[in-house]
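Chemist: Give the three-dimensional model of this entry:
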Amino acid sequence: MKTLLNLSLAAMILTGGAFLYADDEREEHEHHRSSMVAQPVTPQEKSTVALYTKECGACHMAYQPQFLPKRSWEKTMKMLDNHFGSDATLDPQDHKTIQNYLVSHASKNDQMSDIKGNIALRISETPYFIREHREVSKKMVTQPAVKSFANCNACHTQATNGSYREREVRIPNYAHWEE
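Modeler: Numbers count the residues shown, from 1 in each chain. Modelled structure (predicted):
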């Protein structure tokens, strides 16, 4: 009887591990696929991404456009004179180029309102982001090496490449992240 229990327990552990691994792989596949959408292909797209990275990345990470839906990017671009407390006004041609890039590569999921039902302007206000970071303590985020959720690449070591795989997460001053 004890042997049967041990075998059952071992089978349950193996099945659970396989399920978790498969779930992680599916998640990684989805992130990989979504990161491929915004990869510049033509010289013009590369030029646009370089402009976006230069202009927006000068103050914060140039977030992948897929993180917000079209209407969020449109609203964000309309408010650049007061972009979260800063004047981020752009040259009209650069504004148009960057807005077209963000809108054309925006998330197709327009269910990304913030938790109050408003158009999300901050990625960290979307239900998906909140769910994915629910186990990250305030202490982990507010430490000097991270500062805020806006600093994605402090913990997501491949964020600038569009990869947010859990196995690539390294929270500064904490052990390897495992959910």
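Chemist: For the protein, which residue occupies the most central location?
Modeler: Closest to where the C-alpha atoms of the chain average out (CA atoms, centre = their mean) is Phe67, at 5.9 Å.
Chemist: wait, isn't that one in contact with Ser107?
Modeler: Yes: contact between Phe67 and Ser107 holds when scored by CB atoms under 8 Å: they sit 6.7 Å apart. In short, each C-beta sits where N, CA and C put it, glycine included.
Chemist: Gln158 contacts Arg165, correct?
Modeler: Yes: counting by CB under 8 Å, Gln158 touches Arg165, with 7.1 Å between them.
Chemist: picking that back up, now for the residue nearest to the centre of the chain: which residues touch it?
Modeler: 107, 123, 126 (CB atoms under 8 Å, 6 or more residues apart in numbering).
Chemist: out of those, which one sits closest to Tyr101?
Modeler: Of all the contacts of Phe67, Tyr101 sits closest to Ser107, with 13.9 Å by CB to CB.
Chemist: Give me the neighbour count for that closest one.
Modeler: Using other CB atoms under 10 Å, Ser107 has 20 neighbouring residues.
Chemist: for Lys46, same thing?
Modeler: Neighbours of Lys46 under the rule other CB under 10 Å: 12.
Chemist: following the lowest-mean-pLDDT helix or strand in the chain, which helix or strand shows up next?
Modeler: Across the helices and strands of the chain, mean confidence by mean pLDDT, DSSP states H and E is lowest for helix 2-37: a mean of 46. Per DSSP states H and E, helix 2-37 leads on to helix 43-56 as the next helix or strand towards the C-terminus.
Chemist: In the helix or strand that that following helix is followed by, which of the residues would be classed as buried?
Modeler: Moving toward the C-terminus from helix 43-56, the next helix or strand (DSSP H and E) is helix 70-78. For helix 70-78, the neighbour count (16 or more other CB atoms under 10 Å) marks 70, 72-74, 76-77 as buried.
Chemist: what's the answer for stretch 90-104, then?
Modeler: In stretch 90-104, counting by 16+ other CB under 10 Å, buried: 90, 95, 97-99, 101-103.
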